[in-house]
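>>> Have a look at this fold, sequence not included:
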Ligand code: NAP
Ligand code: ZN
């Protein structure tokens, strides 16, 4: 074992603060990574503040962070995919059982035994739970390490590891292509990636935002139209017209208002994970045979496909790079929807801790 620097929270009401954590020495299938950048996902906030306790409670201390890019510093004796010096990424998962039907089908995220990058029981027993990317170093099984396209800005790549794949996967699953009318609800970290990817897939993209000040940005990011969702008249103009809507909202909101915008057989996929349940009116679904579904990140093969797609289309996140000392302020700003459009921590800032 060796010591790594990190930022952790010791309770649901504590700020994140400097800490020292144990990491395992690389075993034969492991890759040790010097973390260069880590994105700040709204899931980090939900987890640190234990807002998902009905689903998965948080074990403290928690070290969040699952949008990791870095450089390989060491590899285990059996590692074949990576060598020292390679640029790599790690997303929301670091392991799974590898034997169940979902794993075999490439859906490691839906394995009963997925090990998430943070707050999952640590099968190596280095610590009670896994510790995430708000740290200068991490050790991960090579099967859960991704290759990063070398033509892209590294800070802007970090958010692809969660926000990118979480939006890419349902857009692909629901057949978004040229000629489809696609809505993206919420222009935050996930939403802005959804806009870029849906645009690159050739769809007609409409952004729904509660923040009128984001209109120009939405158009620049690739939206064809922008609707301020608090304006009922603007909403009504789109009734019954969408093939697909991706809902990325992090807090409780009226999903019926969006279901009513779907055409026959249209689908809304929830990727946002609000703390409180959403209410669904039966009539929002039964009229138009509409469907509502959910989606969680994406499998490892699909994540590599997404990274390669972003490399080919020159897609990265729009980021505000921050030193780790500003992470608590960034959390407060996320709660005010004040992010353009992803905070990314420059891990060099940990050196002074
Ligand atoms: P974010 O950057 O904070 O963006 C969320 C956006 O939702 C905000 O920018 C805002 O957009 C809108 N919003 C916030 N509060 C709202 C409210 N009360 N009513 C209506 N709209 C509101 O968050 P994120 O990192 O993109 O994450 C979004 C959600 O996805 C979180 O719940 C996160 O945990 C979840 N998530 C899920 C997965 C998965 O695998 N399914 C993966 C990652 C994250 P406007 O200003 O444009 O309205
Ligand atoms: Zn995330």
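Happy to help now that I have it. Since we're looking at a predicted model, the values are computed, not measured. Ligands and ions are numbered 1, 2, ... in the order given.
>>> does stretch 240-249 come close to ligand 2?
No. Against ligand 2, stretch 240-249 shows no contacts by Cβ under 5 Å from the ion, the least distance being 10.9 Å. C-beta coordinates here come from the backbone N, C-alpha and C atoms, glycine included.
>>> chain center to that stretch: distance?
Distance of stretch 240-249 from its chain centroid, counting by Cα atoms, centre = their mean, to the nearest Å, is 19 Å.
>>> Quick check: mean pLDDT of that stretch?
On average, the pLDDT along stretch 240-249 is 98.
>>> Flag every buried residue along it.
When burial is assessed from 16 or more other Cβ atoms under 10 Å, stretch 240-249 yields the following buried residues: 242, 243, 244, 245, 246, 247, 248, 249.
>>> okay, among these, which ones form the most distant pair?
Spatial extent of the buried residues of stretch 240-249 (Cβ to Cβ) is set by the pair 243 and 249 at 19.6 Å.
>>> What are the neighbouring residues in contact with residue 88?
31, 33, 69, 70, 71, 72, 82, 145, 146, 147, 148 (Cβ atoms under 8 Å, 6 or more residues apart in numbering).
>>> what do you get if the cut-off is 10 Å, keeping everything else the same?
Listed by Cβ atoms under 10 Å, 6 or more residues apart in numbering, the contact set of residue 88 reads 31, 33, 68-72, 81-82, 140, 142, 145-148.
>>> Same check on residue 27?
76, 77, 78, 79, 124, 139, 141.
>>> quick one: which of these is nearest residue 325?
Ranked by distance to residue 325 (Cβ to Cβ), these are led by residue 139 at 25.1 Å.
>>> Contacts only, for the closest one.
Each residue near residue 139 by Cβ under 10 Å, 6+ apart is listed here: 1-2, 4, 23-27, 30-33, 73-74, 76, 94, 124, 126.
>>> go again using 6 Å as the cut-off
23, 24, 26, 30, 32 (Cβ atoms under 6 Å, 6 or more residues apart in numbering).
>>> Give me the pLDDT for the first one.
On pLDDT, residue 23 comes in at 98.
>>> Ligand 2 versus residue 68, what's the distance?
Shown here: residue 68 relative to ligand 2, a distance of 11 Å by Cβ to the ion, to the nearest Å.
>>> So that residue is in contact with residue 133, correct?
Yes. Using Cβ atoms under 6 Å, residue 68 is in contact with residue 133, at 3.9 Å.
>>> what's the overlap in contacts for the two?
Contacts common to residue 68 and residue 133, judged by Cβ under 6 Å, 6+ apart, are 35, 38.
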